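**Q** Return atomic coordinates for the entry below.
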Amino acid sequence: MDKEKIGFALTGSFCTFQKVFPEIEKLSGKYEIIPIMSEKSATTDTRFGKCEDHKKRLSEITGREVLKSINEVEPIGPKKMLSALIVAPCTGNTIAKIANGIADSSVTLAVKSHLRNSRPVIIAVSTNDGLGGNAKNIGLLMNMKNIYLVPFGQDDCIEKKKSLVADMEKIEDTLKEALLGKQIQPLLI
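**A** Numbering: from 1, shown residues only. Here you go, the predicted model:
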């Protein structure tokens, strides 16, 4: 029996990659994972690692080449390639674009293309301004059809008072509920 196909997109919250990769490994045993990276995450070296190492690891986990351009992700919707699409980590920039219908990157176009089929998109917030400028965009996402959020909370309420991050260990549970059309609860942790 074929495994269900799930898209897994990474955006540039590089400090969160170390928590996301183990979740991709867990999912890859149960689902066929289609890996996607934003242009920035696919081409930027940071103190958290080299982009080539991240791409290589993602390819090794999934057994597939990473999709990293608008042209590569465009067929996701028309070909109905995925049962669900996960964006983890999802930066504030990507959250703002998705919430406002902007599709100018590999990840935002993948989301737009996938949503045309009324299938779930799972967002794992990772932004330093989640309780600031991006609070309104997170609110918009919470009210959008077929968008489901991984439970999230403040990651450092002393040093980064406006920062929010999802509990990446809850990605799979959120996915399971989203495939049933339900938002996992509690959402705020």
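**Q** going forward, measure contacts and count neighbours with C-alpha atoms only.
**A** Will do.
**Q** Tell me the helix or strand right after the helix or strand bottoming out on mean pLDDT in the chain.
**A** Least confident helix or strand of the chain, by mean pLDDT, DSSP states H and E, is helix 39-43 with a mean of 94. Next helix or strand after helix 39-43 toward the C-terminus (DSSP states H and E): helix 51-62.
**Q** List of residues touching that following helix?
**A** 21, 24-25, 28, 32-35, 41-45, 65-66 (C-alpha atoms under 8 Å, 6 or more residues apart in numbering).
**Q** Keeping just the C-alphas, turn it into PDB.
**A** Extracted C-alpha coordinates of helix 51-62, given in PDB (Å, rounded to 0.1, in the frame of the first residue of the first chain):
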ATOM      1  CA  CYS A  51      22.700  25.300   3.900                       C
ATOM      2  CA  GLU A  52      24.200  22.400   1.900                       C
ATOM      3  CA  ASP A  53      24.300  20.300   5.000                       C
ATOM      4  CA  HIS A  54      20.600  21.000   5.700                       C
ATOM      5  CA  LYS A  55      19.600  20.200   2.200                       C
ATOM      6  CA  LYS A  56      21.600  17.000   2.200                       C
ATOM      7  CA  ARG A  57      20.100  15.900   5.600                       C
ATOM      8  CA  LEU A  58      16.600  16.600   4.300                       C
ATOM      9  CA  SER A  59      17.200  14.600   1.100                       C
ATOM     10  CA  GLU A  60      18.700  11.700   3.100                       C
ATOM     11  CA  ILE A  61      15.700  11.600   5.500                       C
ATOM     12  CA  THR A  62      13.100  11.700   2.700                       C
END
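**Q** Geometric centre of the chain: which residue is closest?
**A** In the chain, the C-alpha nearest the mean C-alpha coordinate belongs to Val87, at 0.8 Å (C-alpha atoms, centre = their mean).
**Q** Can I take it that that one is in a strand?
**A** Yes. Counting by DSSP: H, G, I helix; E, B strand; the rest coil, Val87 is part of a strand.
**Q** what pLDDT does it get?
**A** Val87 is assigned a pLDDT of 98 by the prediction.
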